[in-house]
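# Fold the following, please.
(one chain, ligands or ions: 1)
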Amino acid sequence: MKIAIGCDHGGISLKDSVIKAITDNGHEVLDFGTYNTESCDYPDYAYRVAQSVLSGEAQRGILLCGTGIGMSIAANKVKGIRCGHVTDVFSAQMTAEHNNANIIAMGGRITDAETAYQIVTTYLAGKFAGGRHQNRLDKVTKLENGEAL
Ligand code: RB5
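Sure, this is the predicted structure:
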């Protein structure tokens, strides 16, 4: 798979580990920045990664900021994006299997590099389980479209 990655200055500490996990598992990295530790705005990178995933250029995305929260909020504002904010390996597996997350977000100020490596490895190996989870995601899509449940 091609994996789009984006980070701000708060998440860049995890970038090398994320890239290593992607390539060690046989995938390709599309790097949308940032490329240094200068202060920048996380929505700019969430937008670029989201567009790459929605266009089909990338199959999944990984976003990094200080906590992962700002990136996940921004990405989830883009129609069609399901971004899981992940801090542990079990959540990484669940957000692939149950939420069919097309992006995950992590925080460079709360998650260490080794955990981030394991999270990415687990997330990229995860397969959506479908079934009752698809029914629930159909309801999420209705919410996205402003429909009542
Ligand atoms: C930047 O200081 C920080 O606010 C950002 O990286 C992120 O953690 C926001 O949620």
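# When you work out contacts or count neighbours from here on, use the C-alpha atoms and nothing else.
Fine.
# Residues of the chain that sit close to the ligand?
Contact residues (C-alpha under 6 Å from any ligand atom) of the chain with the ligand: 8, 10, 65-70.
# could you dump these to a markdown table with neighbour count, secondary structure and distance to residue 99?
Output for the residues of the chain next to the ligand, formatted as a markdown table (neighbours: other C-alpha atoms under 10 Å; DSSP: H, G, I helix; E, B strand; the rest coil; distance: C-alpha to C-alpha, whole Å):
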| residue | neighbour count | secondary structure | distance to residue 99 |
| --- | --- | --- | --- |
| 8 | 28 | coil | 25 |
| 10 | 20 | coil | 26 |
| 65 | 29 | strand | 21 |
| 66 | 22 | coil | 23 |
| 67 | 20 | coil | 20 |
| 68 | 26 | coil | 17 |
| 69 | 18 | helix | 17 |
| 70 | 21 | helix | 19 |
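# Make a markdown table out of the residues you listed and add pLDDT and distance to residue 104.
A markdown table is the format used below for the residues of the chain next to the ligand (pLDDT from 0 to 100; distance: C-alpha to C-alpha, whole Å):
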| residue | pLDDT | distance to residue 104 |
| --- | --- | --- |
| 8 | 98 | 15 |
| 10 | 98 | 16 |
| 65 | 98 | 11 |
| 66 | 98 | 14 |
| 67 | 98 | 12 |
| 68 | 98 | 9 |
| 69 | 98 | 10 |
| 70 | 98 | 12 |
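# Which residues outside stretch 52-60 are in contact with it?
1-4, 30, 61, 80-81, 102-103 (C-alpha atoms under 8 Å, 6 or more residues apart in numbering).
# Now intersect these with the strands, please.
Among the contacts of stretch 52-60, DSSP state E puts 2-4, 30, 61, 103 in strands.
# Which of the helices or strands spans residue 84?
Assigned by DSSP states H and E, residue 84 falls within strand 83-85.
# Could you do residue 87 as well?
Using DSSP H and E, residue 87 sits in no helix or strand.
# any idea which of the ones in strands among the contacts of stretch 52-60 is closest to residue 75?
Among those, residue 103 lies closest to residue 75 (C-alpha to C-alpha), at 8.1 Å.
# Thanks a lot, see you next time.
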